[in-house]
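Participant: fold the stuff below for me.
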Amino acid sequence: MKPEFSRRDFLSTAAATVAVGATQMSAKSYGRILGANDRIGVSVIGGGVIGNAHFDVINNLKEKNNLLPIAVADCWKTRADQGQQKIGAAESHTDYRRLLDNKDADYIVVATPEHWHVTMTIDAMDAGKAVYCEKPMTHTIPEAQAVMKKQKETGRPLQIGVQAMSDDSYISARDAIRKGVIGKVIQAQIEYVRRYDAKSGPWRSPKEVADHTTKPADLDWNAWLGSAKKIDWNPNHYFEWRCYSAYSGGICTDLFIHRITRIMRACDLLYPRRVVGMGGIWQWPDGRDLPDNIEMICEYPRGMTVYVLGTMSNRVGIDHLIRGYRGTLYFTNEGWVAKDKDGKVLAEHKKTGGEDQNLHHTNLHNHLRNGEALNCPVELGMAGVVAVNMANESWRSNQMMGWDREKEKMVPANTLNMSHEPEEKS
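Facilitator: The predicted structure is shown next:
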């Protein structure tokens, strides 16, 4: 039997452990690798839409945070060269491994389709680099376990790109809930809603597809496919990869990961015990194999459920809130407010920070320089991957999924002997 280690112990110690480890390493390691005048070298893998967002961040923070752009890599040479020029990097590569060889890079940004996250993140850590990996941390649960194992082995800092964790509302809500402000927590709800064009649907890019019916000569298609099934050039798969399960988990992994992580942080949650995902390809049956509308319900061992709404056909949302026996905590644009059943304010918080990639990168920079705790470390990244993958598998398999705590894997929930009482102390 494995030793008992509670959810709260795990989450409470994880950030502190990482911070202490970084502080201990700084004299003999970080102090050696950081450039002149405490400069931090950064390289980026991926020159698409998200990669360009990171290019903007790097340009924003060059002077303020003393950053030195080192290199950009993309399997499409045009994109790699454009990224290099945009941030003023010294190098561009079509093979990301060449980027890892440069000793001037202190951290690597992984901004690629999900199916590449595991390999690139592990390779970067093996190369002695810190990593900022876009969400989700990995495409699958076993991949996330491999990344977490590697991070523990190497001790390399790993920031997961759920940038809302750089909003202090969720850590503040956690502290209030721990103090009993809203009593025993029993339920939370949150959403990610959009309304896409009727003709194109979620994540479709008809102009890009039409303009690239023939593969660009300087794009290495087989390199982009990586571990995915080898197919002939398909512009839909390249430009619209979030629609296909070979490369993405769609709404769950691209959008829900932002929302469920907030609730996990606020409520001290790790792995759900049971998850249901329901939805379908209801409005855009255009060849995608991931749902265009989906919702999920997660049940956690502490004795609470989390509901996540995710329609892509209507942008009317629901309140983001956490329900307790004594009161309800409502997240707002300014932070949060907790009220009792009669509307009396029990506590409130005005946030600092926000859902901002600039702040999220800065948090990593501070971690490298002085051991500041990472806002979205590997443990939180792993927990998010488990929840959203269980939801997707529930949708695919038409059954409720459960988390086998002994074997550390998802299985059909009806194969587990689960109590209807809380398994952990709140």
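
Participant: so A124 makes contact with T112?
Facilitator: No. Taking contacts as CB atoms under 8 Å, A124 lies outside contact range of T112: 11.8 Å. To be clear about C-beta, it is placed using only N, CA and C from the backbone, and glycine gets the same treatment.

Participant: can I get stretch 211-221 in PDB, CA atoms only?
Facilitator: Backbone C-alpha positions of stretch 211-221 (Å, rounded to 0.1, in the frame of the first residue of the first chain) are rendered in PDB as follows:
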ATOM      1  CA  ASP A 211      -4.700  29.200 -49.500                       C
ATOM      2  CA  HIS A 212      -2.700  26.100 -48.700                       C
ATOM      3  CA  THR A 213      -4.300  23.200 -50.600                       C
ATOM      4  CA  THR A 214      -0.700  22.400 -51.600                       C
ATOM      5  CA  LYS A 215       1.800  22.000 -48.800                       C
ATOM      6  CA  PRO A 216       4.300  24.900 -48.400                       C
ATOM      7  CA  ALA A 217       7.700  23.700 -49.800                       C
ATOM      8  CA  ASP A 218       9.500  24.700 -46.600                       C
ATOM      9  CA  LEU A 219       7.100  23.000 -44.200                       C
ATOM     10  CA  ASP A 220       8.200  19.600 -42.800                       C
ATOM     11  CA  TRP A 221       4.900  17.800 -42.600                       C
END
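
Participant: and stretch 398-415, which residues are buried?
Facilitator: 400-403, 410, 413 (16 or more other CB atoms under 10 Å).

Participant: let me know the closest of these to D56.
Facilitator: Set against D56, the nearest of the buried residues of stretch 398-415 by CB to CB is M410 (36.6 Å).

Participant: how close does the closest one get to C133?
Facilitator: 22 Å (CB to CB, to the nearest Å).

Participant: quick one, domains of this protein?
Facilitator: What the record gives for the chain is the domain set 7-165, 168-198+247-351+378-415, from automatic domain parsing.

Participant: so which of the ones you listed gets nearest A223?
Facilitator: domain 7-165 (4.2 Å).

Participant: touching, K184 and R323? I think so.
Facilitator: No. Checked against CB under 8 Å, the pair K184 and R323 is beyond contact range at 9.9 Å.

Participant: next one: phi and psi at the residue nearest to D319 when sequence neighbours are not counted?
Facilitator: Counting by CB to CB, 6 or more residues apart in numbering, Y330 is the residue found nearest to D319 once chain neighbours are left out, at 6.2 Å. Backbone geometry at Y330, expressed as degrees, to the nearest 10, gives phi -100, psi 130.

Participant: what's the distance between R274 and V411?
Facilitator: Distance from R274 to V411, by CB to CB: 11 Å.

Participant: between these two, which contacts overlap?
Facilitator: Common contacts of R274 and V411 (CB atoms under 8 Å, 6 or more residues apart in numbering): 401-403.

Participant: of those residues, closest to C252?
Facilitator: Closest approach between the shared contacts of R274 and V411 and C252, by CB to CB: M401, at 12.2 Å.

Participant: would you map the helices across the stretch 201-350 of the chain?
Facilitator: Applying DSSP state H, counting those that start in this stretch to the stretch 201-350 of the chain gives helices spanning 206-211, 221-225, 235-239, 250-251, 257-267.

Participant: ugh, wrong one, the stretch 1-150 of the chain
Facilitator: Under DSSP H, counting those that start in this stretch, the stretch 1-150 of the chain gives helices at 7-25, 31-33, 49-61, 77-87, 96-100, 117-126, 141-154.

Participant: now the first one: mean pLDDT?
Facilitator: Average pLDDT, helix 7-25: 45.

Participant: go on, the fourth one?
Facilitator: Taken as a whole, helix 77-87 has an average pLDDT of 98.

Participant: how close does the residue of the chain positioned farthest from its centre get to N236?
Facilitator: Going by CA atoms, centre = their mean, the residue of the chain most distant from its centre is D342, 36.7 Å out. D342 sits 54 Å away from N236, going by CB to CB.

Participant: wait, isn't A383 in contact with I263?
Facilitator: No. At 10.7 Å, A383 does not count as touching I263 under the criterion of CB under 8 Å.

Participant: out of those two, which sits in the busier spot?
Facilitator: I263 (26 against 23; other CB atoms under 10 Å).

Participant: contact partners for T213?
Facilitator: Contacts of T213 by CB under 8 Å, 6+ apart are P235.

Participant: quick check: pLDDT value at it.
Facilitator: Value for T213, per-residue pLDDT: 98.

Participant: wait, doesn't C267 sit right on R174?
Facilitator: Yes. Under the criterion of CB under 8 Å, C267 makes contact with R174 at 7.1 Å.

Participant: assign a three-state SS to the residue lying closest to R265 once chain neighbours are set aside, would you?
Facilitator: Spatial nearest neighbour of R265, chain neighbours left out: Y170 (4.2 Å); criterion: CB to CB, 6+ apart. Recorded secondary structure, Y170: helix (DSSP: H, G, I helix; E, B strand; the rest coil).

Participant: show me the contacts for Y170.
Facilitator: With CB under 8 Å, 6+ apart, Y170 has these contacts: 164, 262, 265-266.

Participant: which positions in the helix or strand containing R369 come out as buried?
Facilitator: Element membership for R369, per DSSP states H and E: helix 357-370. Within helix 357-370, the residues scored as buried using 16+ other CB under 10 Å are 357-369.
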